[in-house]
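S.K.: need a 3D model of the sequence below.
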Amino acid sequence: MKYVCLALVALALGASAQKPKKAPDVEVLEAKSRRTEDKIALDGKLRVTGDKPLKGLVLEFAFLSSSGDVLTTQKTEISDETLNKNDEPDFHVETNNPPGAIKYKIRAFDGADRELRTGNIGPFVIE
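M.R.: Have a look, this model is predicted:
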């Protein structure tokens, strides 16, 4: 009985051990924004950090309220070409100014609309 209890405890501890996080496929290096009356200009730089080439790159910008709620999202294609490890594409996006948005987060997808692991997603302040 004693060994059964020890075995159960060992299994429980092993099951609760977390797997190491996988490295991101894309990392946001820079993100800046400028607001005008009716538009927001978003500029930045990314780095492809995954080992597998990316066939196309789409960014999703989630615009957040002061309480952190998502007000709206906007997707835009950054590249339709294949990107390899250590490539550093820039992005320049202009979108409508969502009322009440003060921050944004960035998520990345490949050309087939599969979500990529993204590092340094924000939130970034809209200036």
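S.K.: how close does residue 62 sit to residue 107?
M.R.: Distance of residue 62 to residue 107, computed by CB to CB, to the nearest Å: 7 Å. (C-beta placed from N, C-alpha, C; glycine too.)
S.K.: right, I mislabeled it, should have said residue 117
M.R.: As defined by CB to CB, residue 117 lies at a distance of 10 Å from residue 107.
S.K.: ok, those two, which is more surrounded?
M.R.: Shown here are residue 117 and residue 107; by other CB atoms under 10 Å, residue 107 has more neighbours (19 against 15).
S.K.: now the more buried one: which helix or strand?
M.R.: strand 103-110 (DSSP states H and E).
S.K.: for the longest strand along the chain, what does the pLDDT average out to?
M.R.: Counting residues, the longest strand found in the chain (DSSP state E) is strand 70-83. The average pLDDT within strand 70-83 is 93.
S.K.: tell me the buried residues in the very next helix or strand once past that strand?
M.R.: For strand 70-83, the succeeding helix or strand toward the C-terminus, using DSSP H and E, is strand 90-96. Residues 91, 93, 95 are the ones in strand 90-96 that count as buried (16 or more other CB atoms under 10 Å).
S.K.: what does stretch 46-65 give?
M.R.: Result for stretch 46-65 [16+ other CB under 10 Å]: buried residues 46-50, 54, 56-64.
S.K.: which residues touch the residue nearest the centre of the chain?
M.R.: Compute the mean C-alpha point of the chain, and by CA atoms, centre = their mean the closest residue is residue 107, 2.9 Å away. Contacts for residue 107 (CB atoms under 8 Å, 6 or more residues apart in numbering) come out as 59, 60, 62, 115, 116, 118, 121.
S.K.: ok, which pair from these is furthest apart?
M.R.: Farthest apart among the contacts of residue 107 by CB to CB are 62 and 116. That separation is 15.0 Å.
S.K.: picking up where we left off before, parallel or antiparallel, list what pairs with the strand holding residue 107.
M.R.: Within its sheet, strand 103-110 is paired with strand 54-64 (antiparallel), strand 115-116 (antiparallel), strand 124-125 (antiparallel), according to DSSP bridges.
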